[in-house]
Structures are given as C-alpha cells and as structure tokens.
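Participant: got a structure for you, letters missing:
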C-alpha cells in the first residue's frame, strides 16, 4: 500500500527545471515535487506520496460521495416508516 | 484534515454498516488488496462491525512486507560496505533479512539513512560526491514514479555515485495470481486506490472480464473502505462482476499519464519473488536498459546474493484466506512480530500479526 | 526557551580569562581550564554559593527519598520550544515527580566533544538553569569530561535527582486498580513532532513547539487534593502507548481508552498522517498520565485544569479487570483494537 495524504498547494516554483511546490497539511509545510501534476495551482488539493503530488483531488467528486453517504438509508427509512416492505 | 476527517465520520459510518447489513444475504469473502486499507480496517475495528457473513481477507498489498528475503540480504550487504550511504524509507529498516536488519547494519557502522522522498537520496548523492549513495527503491505502482524520477534526475545531472536497489512490485499480477489459484476463496476485491491514482483503473477491466470477479477501486479512509465493501457486496448479491470506482475524488480511468510515461522510460516489467508467497510472473519492475547503469545490484556485485525463504512459513496460504494464522506450525513459535518469517507477520497489520494481537486480547496463550 | 534556529546574537561568552571560543580537551582535564569553566560557566548559571566540594551535602527533611537518573542525547540540541538543556532538567524533575516527589537537588554530568562552541554550551547551561529555577530546584553538583573530536556528537548530558516523597504518598505503576480513572494532562505528541520536524531527511515546517516543562508543581497540586493517586507517568519515549502498556503489565490490569477522547492537536495529527505515525507513540516532555480512584477523579481533574501545566487535562479511559496486561483502544466506531508496545525508534512509513 501506499501512504498518501491530501494537502493544499500554497506555493509553486521551478527548481533546476523541475516543478516543485510547498504543500500544507493542516499546518504542516512540506516541499514536494510537482513534476507529475505540473498544472496544479495554488489552492488546489493534491494527494502526496513520498514527496510527490500524484493526483489532484476532485472537490466535486468528494462532495458527491459525501452527499451519497448522507442520503444512504434515507429512502429505506421512509419506506419503513410508511409500512411499505422494502423489496 | 480536509478530505480525511469527513471520510472518517462515525455517523455516516453507521449508515454504511447498516446498508451493508441490509443488503447482505449470504457469505462473501472480500479481499482488501492494500495494506493501507488493512490499516484503516484494524485501526477502526471495521471487521468487528461488519455482518458475520462478510469476511475480510487481508491482501498482499504492503511492498515492505512482500520484499523477498534475498533482496533484503542484498540491501544489508550493500549497506555494510564502506563509503556507502544507504538510503531507505523508514519502514524498511526493521524488516529482518536472514541474519539481521538495517538497524543491525547501522549498529555495526553502516551509514544507513532514513529518507522521506527518493529525491532526498539524490540530494545526498550530490552533497557527498566521494560516497556511493544507494536508494532502496521499493514500492507498488504508487511509489514507482517517485523512484523513477530519482533515477531520471540522477542521469540528467550526470551523477556517478547514485544507484538504486530496485524491488518494485505490481498489483494486477498479484490479484491475478490469487484469483487464478484453484483454492482461492476470494469473491471480490477492493483494489488499491493510490496505485490506481497513478495507473488508472483500466488495467483491472480485463481481470474482471476474464475471471468474472468484482473489483472496486477503493480509498483509505474508513468511509471509503466501507463504500468499497458495500459496492462489492452489492455486485455479489446481484450476480454482477464489474469494475467500479469508489474513490472518484482521486482516481480516474486513465490515471496520471506523465507518471506512467516516466515509469515506462525508467523501468521494464520483470518477474518478482514475494516474501512468503513465491515468484509471480511479470509482477515487478526493474531498471530498463537505458538506466541499467544505476543498478546497485550490478555496481556492488550482489546479484548472486540470495536467501531461501522459510520452508515452514505458510503466509502465502494465510494471505489467500486458506488457513488461519494459528494453523501454521511456526505461528507464535519461530514466528512472532519480533521475529517475523513471512509478509503477514512482518507487517504490524498483516493477518498473522493482527491475529497475534487478537489472541493476546482473548487471553489465549499465543504460542499454543 | 530555545528557538529554532538557535539565536546566539545576544549571548556573550562568560569566560573572560582565556580566549577560547571552543571547548578544548583541557576543559575536562581537572586543571586551570576546568576550574575556569566551572567558575565562569557553571557556577555563574547554577549559582552554587557553597565552596566547591567533591559532593553536595543535603539535609533532607523526614520522609522517603526518590532517586532518579537519565541521560540526554537529543538531536538537534535546539528545537522549537526547547533544548537539550531544559529537557535534561525537566526530564529528571519529572521522573521524580512521577513518584510523587519534589526535587531536593540535581546533579549534572556533561560529556563534551572537543571543539564544541562555547556559545552553544553557554546557551545549554543557561536553559538548564532557567528550567531548574522554574522547577524550584538547583543543580547542586556536577562533572565535566571532554572527549576527542568525533568521540561524541557535540554534547551529552546526564542528570540525576534526589527528591522527597511526602508522608502518606505511594505512587507507583503497580497500584493501578480496576475501576480507576485514566487522565492525561493535555495535548499529546507535540514534543516528538517538534523534534522530528528538524531531523535530517524528514524536515518539515510546523508551528508545533515542544511541551518541555517540569511537572512537579502540577503533581503537588494533584496530591494536595488526592494523596491517594495510584499512578503517575510521564509518557516520554514511546509515547502514551508505551506508558500504558508498561502500567498494564506492571499492575496486571487491563487498560481501556477511547480514541476520540485523545487530545491530539491538528498539526500533530497532520504530521502523523503524512509520516504514517501514531500520535500515541510520539514522545511528550511536559505531560503526565494519572490513574486515580474513581471518587477522586473529578477533583483531580479540576485542579489539573486550573494549573498552567494541566489546562488540557481530560479523562481518556479507565482501568479494567478484563484483558489483564493488555491495553485496548475503543475506536470511533465503537469497535476495539489492541495497542501494542511500540518497537522502538519512530520511523516514517510509506505503507
């Protein structure tokens, strides 16, 4: 497995031709390599593994997933409440 | 932390548990491939709260634990040499080889350093031109782009004192080896989300089609893991076998293309031994011809170093859920968290190590 | 307190007689240079007014004595929120306090590497003196040895302390009793993360500062309201997890705590996330674990929160007769997890 956590880009720059960034993990700052996500901009969230940004976090997808979790069982509870058998 | 805390919410977790309970009508064995998912499962006690019908089998997805004994011995041999700075990720230092671990080498005067990133090792090579700097390049597909970049930059910068000891492993061949095994009990897989963030999901389509097994790409926070389990169970209960992505905020179908390009420039596919499991064909990456000059095995002449795996360790069977850890004769005897033989005991969250802790809790003497 | 990077700008070398800005072998040789170092460095800071003798002579009041020693080798010497100097005092004062003792005096042995900058030693000694003053104690005897360059890494310190355990106080790990309440005095993991942030190969930026502090004042307050405190422990190396495992083993009791009750600051949690560490295994230098009879818990908690070193005190769990010798965490989802004694060195993980 691979321990990788989301952080927010706070600064981007080129170092000897390689795109680098300062990333913020909730108050912890770390220098990371942006070579594989050169389009990342300040404010974006990236998944970081061993000092490399490997994937941009899609905020809309995150919201959608959480929304789906919140709605889970809602329909079931309504059906149960109305006395209608589930299936 | 944003994108972590929201996905650990106990209230939403209860809903997911309830949903999994509601849809489950029969026994299913689900393998979480990745050690990070195992970590989330053990850390939160997810396995205790699932319906009894849903059994989780902890997969082989920890590159540290599956690194073969022979490769560790090569690392120990190189790290023991004078004028070598041997750099490794921290979790590799405690993994025992045949005689000792990297801490043991350090205690005998070896210059062993923990790095956070492979680029730190490149920087050490530049700062120490009179030393040979060797980086232990382990990992799955997630780590390979970082390790490949280190090699690429070393070549760009003309570094003659930097090499890598490569022990990369690949997830799809491991899943295929498990699913092909005639004794396999695994009904569905949670694929490793961070591996897929690099490689994309497309690699798993053919496995799903060929073996008719559900594969759900899954993240690492507790709610992600629960959602992965839920999607696998829904498929199984409905007789479906499809590739699904339950980690859409991070994983796309195509993955990280620049990372894949760099990896295929620096590495070629090769066969690889997995600790306690054996050789899996095409399950590794080694340096490509263009980058062979950075091969530590050749530079330090350790190609011949090898070590037989334990002949009593049955971690391969444990990994596939074929036997319980205590059915192995070595469990609690020759093999314990302090003296691990196979991958499943090396990792603190491996099936054997977790079972060892569980036995302490239940008051059962561990060695019995 | 130390800042990082260390700032020596306001510090002037107190040794006027010979113009050494670095430690030389002679400073440990027992001759004039040694005497000058003692007089102008150590006595200046530690302020012993007594004549120089081979040993300090203490006249303890009636009661039992606590005696403890510890060596300090932390790297870097100066880190956010502290230094090897204040650790060397606070650590030993706290070891005494965990037996319920108040310090009567400390000893201090230095191993110095030839070539150490005098200004660095001066800063360390000053921070020791300040920490001793804060703890209400003094360094009463000491020793200095200088070793060849390369035979030590800058400087090592050993301190020992003698403390007085008041009548009626009996604090020790094996007194943990089923039903007792488990209290922690505040945020965990900050010292270890502050030090780790400076370590070569791992460096990261953080506002986290070490919690290095002497806890004898806090302990005195706690014992005032509850002389029957069963166990006190300062969860240093190995963190809270190691301390709890040791107590469970010593008292042959089970310990149960709840993950969600642990006071983990956001930055500690974040650092642990990206390095793959468990805050429960990270060192603390200004926190204590208290195990107290249930009827006293509320009052102890109240005096802890009223004391500057215990403002963040919370109950995190209890002692149980179940699973003797084993520490169990209750997870946020209501499941359980066995907590094992950490193996040793805190290492960042990739998996």
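Facilitator: Good, I have the coordinates. Note that the structure is a prediction, hence the values are computed from the model and not measured.
Participant: every contact and neighbour count from this point should use C-alpha atoms.
Facilitator: Noted.
Participant: is chain C contacted by the lowest-mean-pLDDT helix or strand in chain B?
Facilitator: Ranked by mean pLDDT, DSSP states H and E, the weakest helix or strand in chain B is helix B:351-361, scoring a mean of 82. Yes: Helix B:351-361 is in contact with chain C by CA under 8 Å from any CA of the partner chain, via B:357-358, B:360-361.
Participant: so what does that helix touch, helix or strand wise?
Facilitator: helix B:315-319, helix B:343-346, strand C:336-339 (3 or more CA pairs under 8 Å, 6 or more residues apart in numbering or on different chains; DSSP states H and E).
Participant: which residues are contacting the longest strand anywhere in chain A?
Facilitator: Secondary structure of chain A per DSSP state E: the longest strand is strand A:5-15. Residues outside strand A:5-15 that contact it (CA atoms under 8 Å, 6 or more residues apart in numbering or on different chains): A:19-26, A:40-49, A:57, B:2-4, C:273-274.
Participant: ranges for the helices of the stretch 151-300 of chain C?
Facilitator: C:190-196, C:216-225, C:239-251, C:266-275, C:297-306 (DSSP state H, counting those that start in this stretch).
Participant: out of the ones you listed, which one sits most buried?
Facilitator: Ranked by mean neighbour count under mean count of other CA atoms under 10 Å in any protein chain shown, the helices of the stretch 151-300 of chain C are led by helix C:190-196, which reaches a mean of 25.
Participant: off-centre distance for that helix?
Facilitator: 13 Å (CA atoms, centre = their mean, to the nearest Å).
Participant: closest one to chain A among the helices and strands packed on helix B:351-361?
Facilitator: helix B:343-346 (13.0 Å; CA to the nearest CA).
Participant: does the closest one come close to chain C?
Facilitator: No: using CA under 8 Å from any CA, helix B:343-346 stays clear of chain C, with a minimum separation of 12.2 Å.
Participant: so which elements touch that helix?
Facilitator: Counting contacts by 3+ CA pairs under 8 Å, 6+ apart, helix B:343-346 is packed against helix B:63-66, helix B:315-319, helix B:351-361.
Participant: count of neighbours near the residue lying closest to residue B:64 once chain neighbours are set aside?
Facilitator: The shortest distance from residue B:64 to any non-neighbouring residue, by CA to CA, 6 or more residues apart in numbering or on different chains, is to residue B:92 (6.0 Å). Residue neighbour count, defined by other CA atoms under 10 Å in any protein chain shown, stands at 25 for residue B:92.
Participant: same check on residue B:127?
Facilitator: 10.
Participant: ok, now how distant is it from residue C:163?
Facilitator: Using CA to CA, to the nearest Å, one gets 49 Å for the distance from residue B:127 to residue C:163.
Participant: residue B:348 against residue B:336, yeah?
Facilitator: No: if you go by CA atoms under 8 Å, residue B:348 and residue B:336 don't touch, sitting 10.3 Å apart.
Participant: circling back: kindly reformat the helices and strands packed on helix B:351-361 as a markdown table containing mean pLDDT.
Facilitator: Formatted as a markdown table, those follow (pLDDT from 0 to 100):
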| stretch | mean pLDDT |
| --- | --- |
| helix B:315-319 | 84 |
| helix B:343-346 | 84 |
| strand C:336-339 | 93 |
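Participant: and the residue in the stretch 151-300 of chain C positioned nearest to chain B, what does it touch?
Facilitator: Nearest residue of the stretch 151-300 of chain C to chain B: residue C:201, at 4.7 Å (CA to the nearest CA). By CA under 8 Å, 6+ apart, the contact set of residue C:201 is B:113-116, B:120.
Participant: go on, residue C:97?
Facilitator: C:103, C:215-216, C:219.
Participant: repeat for residue C:327
Facilitator: C:244-245, C:248, C:254-257, C:338-340.
Participant: in terms of pLDDT, where does residue B:368 sit?
Facilitator: We note a pLDDT of 36 for residue B:368 in this prediction.
Participant: ok, residue B:136 next?
Facilitator: Looking at residue B:136, the pLDDT reads 98.
Participant: so what's it bridging to?
Facilitator: residue B:165 (DSSP bridges).
Participant: and it, what does it touch?
Facilitator: B:75, B:86-89, B:164-167.
Participant: run the last query once more with 7 Å
Facilitator: B:87-88, B:164-166 (CA atoms under 7 Å, 6 or more residues apart in numbering or on different chains).
Participant: coming back round to it: list just the nearest of the contacts of residue C:201 to chain C.
Facilitator: Closest to chain C, out of all of the contacts of residue C:201 and judged by CA to the nearest CA, is residue B:115, at 4.7 Å.
Participant: do you know how far the most centrally placed residue in chain A is from residue A:37?
Facilitator: When chain A is reduced to its mean C-alpha position, the nearest residue by CA atoms, centre = their mean turns out to be residue A:57, at 3.4 Å. Computed as CA to CA, the residue A:57 to residue A:37 distance reads 11 Å.
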